[in-house]
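1. quick one, what's the 3D model for this:
(2 chains)
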Amino acid sequence: MTEENKKNILIVDDEQSSLDYLKACLKKGGFTCSEAKSVTEAKEILETQGFSAFDCLITDYYIPDHNGIELLNWVQSCDNTLAVSIITAEGEKELVTESLRKGAADYMEKPVRPNLLNDSVKRLCQLTARRRELSESKRAVSELAQLQNLFCQSKPIPGIHPMEFIMIPMHELGGDFLDIVQLSDKRYIISCADVSGHNLKAAYVSAYFQGMSSGMLLEGASTLETIHKINQIMVNDWNDPKVKGTHRPMFSIAAIYVVLDLEQQNIEIYNCGFPGPALLDVDSLSTTLDVASQPLGWFKDGLFTSHKTDLNNLTHILLYTDGLLSLAEALEVHPYALGFRLLKAENMDERLSLTYAAHDDILLIKIYLTDTSVHKNSIFYQKYSRTDINDIDMLQTHWEKSLLYALGDKILESRIDDILVSTREIVLNSLEHGCQKSSESYSSLDIIYDEDTEQIIIQVNDEGTGFEFNIEQRLADMEKLDAISDHIGLGLTLVHGLVDKLEFSENSSAVKMTFNLEKKL
Amino acid sequence: MITHNVDSMNQELVVQIPGDLLSSNVAEISGQINEIKTNPNNFGGGNWKTLTLDLCKARMVDSIGLNMLVSLIKDMKSRGGNLKVVITSKTVYRTFLATRLDKLINVVLK
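-> Residues are numbered from 1 along each chain as shown, chains lettered A, B, ... in the order given. Next up, the predicted model:
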């Protein structure tokens, strides 16, 4: 007797003759059967013996105490893996349709022929088995997801700095990881990685290399040795073309290692295909480190270099996977604005609603480098070249969407217009004159939200030599119509009237505008 | 799309601007206003003295837009007429105050 023929079937029918007939047919087919003459009795059997004792259930539609669809509903509410088939009288198309709509796996019309009965029951048993396998896999994935979440949560740098961390996998499990290794009292290595893909396979690869990386670093291997070893294993073993039959890497990891030395007051960053991290200073002005090597797993002789910088007045670092970048692009907002909202979200439900359009896992980490509480949040940072002048309307739309996304109702419409037209003036001025018409020269724009003062701070820096500007003289000139001849002075006068504070530095090549969020007029 | 009408009773040529006055659209808008001004059918029997720009749909006016207004002020002065703007945006109003254009133009904030 094969495994298949040992399946146990529960038959429900109030007519003894029908029960006897169905049992005889199924026994001939190699099945074992249990019987119930009413829905109540069927429920008792299932509750007593357990749903898993049966491989499928066949029920007549017409049963005195209830009907077959009511039994079907009850079974599905208790165990939706058990396949149910409903037997109807010949020609009862409406009942057949309703049964299938309610979730019956099959139906049979009386009189039921033995061979059709056995074929149907065989399929039903296979369906139950498949559903149970799937359910078990889902449960296992769910448990793994909880484990992964546990691994990646609560990672403060011990005793010193808080660290904000968000991980939003596309599915229950993701391919991103975060790890912190403490080398000494004041020396840490923070590593983040994004494994290609965002499924169970990616989660497996992620867990494997997270463990390996962490183990090597704890055992005294240098960051560079660890990176080389992971790359070597990925290229030679995991992506070996002889094994895979293709030269295309099957797995790759975009990873970043931040070696934080609080004694020497510096950080060393190894970036292997990860988006450039943002370094933010005490005013939340950004510097993006765009220097990166290729991801791990691509080339055997990969060249991995680091970038070292003093902490100076740096206050925090933002690390994020390209999942954040692609979602920000889809939302048409700056990644920092999206990151700000995610970090400020009160719970996971809010984060999930913010990321419903995501097509990749998202990992976002904000590492604080000082004890000082920094409540200035960068919500936009971009470098522009002179050619961007032609796209000024598009740039302005990007600023507006990012501001509204990050701050929503906090910012009044008339205030955002003040901010936009002022920023437009200063950026255009900076690109036209500050960059001195050179395509090699850049202007940077920082938009910062200060939570403590409820202010928006806009800072525009260019690489030019600056210029002299006397706002008082300009205002006096405005009284005389003929003196209005250039829009540079006019633009700065306009800005002066819209901002709450206007500051120039570095001979006006750096302009800082402060706007209170409340209405000015 | 710019539209216009002549208010003969008040001797006004009213031009409706469809949105913001910015560096990216001033050249086009300025050209269209010029066409409207120079069209002999718009002179309302020679009684047209005031050019009114309806900027109710404008959220902002930048420095290039302000320059256009300054050119129109000069042009209207030379014709012995005047310029009036009708606005709803507080940002545009603050812009006029900041640049003192409110002293040179008849600004109506709705």
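2. quick one: low-confidence residue ranges for chain B.
-> For chain B, the stretches flagged by pLDDT under 70 are B:42-47.
3. let's go with 80 and repeat that
-> Applying pLDDT under 80 to chain B flags residues B:8-10, B:39-48.
4. run a quick neighbour tally on residue 101.
-> No chain specified, so I'll use chain A. By other Cβ atoms under 10 Å in any protein chain shown, the residues close to A:R101 number 9. For the C-beta atoms, the positions are set from N, CA and C on the backbone; glycine is no exception.
5. could you do chain B instead?
-> 24.
6. so it makes contact with B:M68?
-> No - proximity of B:L101 to B:M68 does not meet the contact threshold set by Cβ atoms under 8 Å, at 11.3 Å.
7. okay, strands next: where are they in chain B?
-> Ranges of strands within chain B are B:3-7, B:12-16, B:50-55, B:82-87, B:106-109, based on DSSP state E.
8. packing partners of the shortest one?
-> Strand B:106-109 makes packing contacts with strand B:82-87, helix B:90-98 when contacts are defined by 3 or more Cβ pairs under 8 Å, 6 or more residues apart in numbering or on different chains; DSSP states H and E.
9. wait, which of the ones you listed is closest to A:D106?
-> Of all the helices and strands packed on strand B:106-109, helix B:90-98 sits nearest to A:D106, with 67.6 Å by Cβ to Cβ.
10. list the buried residues in the closest one.
-> B:K90, B:T91, B:V92, B:Y93, B:R94, B:T95, B:F96, B:A98 (16 or more other Cβ atoms under 10 Å in any protein chain shown).
11. what do you get for stretch A:285-296?
-> Buried, per 16+ other Cβ under 10 Å, within stretch A:285-296: A:L285, A:S286, A:L289, A:A292, A:S293, A:P295, A:L296.
12. now do that stretch: distance from first to last residue.
-> End-to-end distance for stretch A:285-296: 31 Å, by Cα to Cα, to the nearest Å.
13. what's opposite A:I256 in the beta bridge?
-> A:C192, A:N271 (DSSP bridges).
14. tell me which of the buried residues of stretch A:285-296 fall in strands.
-> Under the assignment DSSP E, the buried residues of stretch A:285-296 contribute A:S286 to strands.
15. ranking the strands of chain B by burial, who's on top?
-> Comparing the strands of chain B by mean neighbour count (mean count of other Cβ atoms under 10 Å in any protein chain shown), strand B:50-55 comes out on top with a mean of 22.
16. thinking again about what came up before, the helices and strands packed on strand B:106-109: which one's closest to A:I379?
-> Proximity to A:I379 (Cβ to Cβ) singles out helix B:90-98 among the helices and strands packed on strand B:106-109, at 20.4 Å.
17. residues making contact with the closest one?
-> Helix B:90-98 is touched from outside by A:414, A:417-418, A:421, A:493-494, A:496-498, A:519-521, B:55, B:58-61, B:66, B:85, B:87, B:101-102, B:105, B:107, B:109, with contacts defined as Cβ atoms under 8 Å, 6 or more residues apart in numbering or on different chains.
18. narrow the residues you listed to those that are buried.
-> A:414, A:417-418, A:421, A:493-494, A:496-498, A:520, B:55, B:58-61, B:66, B:85, B:87, B:101-102, B:105, B:107.
19. which residue packs closest to the residue in the stretch 401-521 of chain A that chain B sits nearest to, ignoring adjacent ones?
-> Relative to chain B, the nearest point of the stretch 401-521 of chain A is A:G497 (1.9 Å; Cβ to the nearest Cβ). Distances taken as Cβ to Cβ, 6 or more residues apart in numbering or on different chains place B:A98 nearest to A:G497, at 1.9 Å, with adjacent residues excluded.
20. measure the one you found to B:V92 for me?
-> Going from B:A98 to B:V92 by Cβ to Cβ, to the nearest Å gives 11 Å.
21. what's the average pLDDT for the helix ranked longest in chain A?
-> Longest helix of chain A, by residue count under DSSP state H: helix A:114-151. Average pLDDT, helix A:114-151: 82.
22. helix or strand right after the host helix or strand of A:E47?
-> Assigned by DSSP states H and E, A:E47 belongs to helix A:39-49. Counting by DSSP H and E, the next helix or strand C-terminal to helix A:39-49 is strand A:56-60.
23. which helices and strands sit right next to the next helix or strand after that following strand?
-> Elements were assigned by DSSP H and E; along the chain past strand A:56-60, the next helix or strand is helix A:68-78. Under the contact criterion of 3+ Cβ pairs under 8 Å, 6+ apart, helix A:68-78 touches helix A:39-49, strand A:56-60, strand A:84-88, helix A:93-101.
24. what angle do helix A:68-78 and strand A:84-88 make?
-> If you take axes from the mean of the first three to the mean of the last three Cα atoms, to 10 degrees, helix A:68-78 sits at 170 degrees to strand A:84-88.
25. what sits against residue 99?
-> Just going to use chain A. With contact set as Cβ under 8 Å, 6+ apart, A:S99 has these partners: A:Y61, A:G68, A:I69, A:L72, A:I86, A:T88, A:Y107.
26. nope, chain B
-> Per Cβ under 8 Å, 6+ apart, neighbours of B:T99: A:M478, A:L490, A:T493, A:L494, A:G497, B:L66.
27. quick check: the residue of chain B nearest chain A.
-> Closest residue of chain B to chain A, Cβ to the nearest Cβ: B:A98 (1.9 Å).
28. what's the distance between that residue and A:D418?
-> Relative to A:D418, B:A98 is positioned 10 Å away (Cβ to Cβ).
29. anything in contact with each of those two?
-> A:L498.
30. name the nearest residue to the residue nearest the centre of chain B, ignoring sequence neighbours.
-> Chain B has B:L53 as the residue nearest its centroid, 3.1 Å off, counting by Cα atoms, centre = their mean. Leaving aside its sequence neighbours, B:L53 sits nearest to B:V85 (Cβ to Cβ, 6+ apart; 4.7 Å).
31. report the beta-bridge partners for the one you found.
-> For B:V85, the beta-bridge partners are B:L53, B:V107 (DSSP bridges).
32. how about it, what does it touch?
-> Per Cβ under 8 Å, 6+ apart, neighbours of B:V85: B:T52, B:L53, B:D54, B:L55, B:L69, B:F96, B:I105, B:N106, B:V107, B:V108.
33. please apply the same query to A:P64.
-> A:P64 is in contact with A:D14, A:S38, counting by Cβ under 8 Å, 6+ apart.
34. how much space between it and chain B?
-> 73 Å (Cβ to the nearest Cβ, to the nearest Å).
35. A:A345 reaches A:L354, doesn't it?
-> Yes - when contacts are counted by Cβ under 8 Å, A:A345 is listed as touching A:L354 (6.3 Å).
36. alright, I will stop here.
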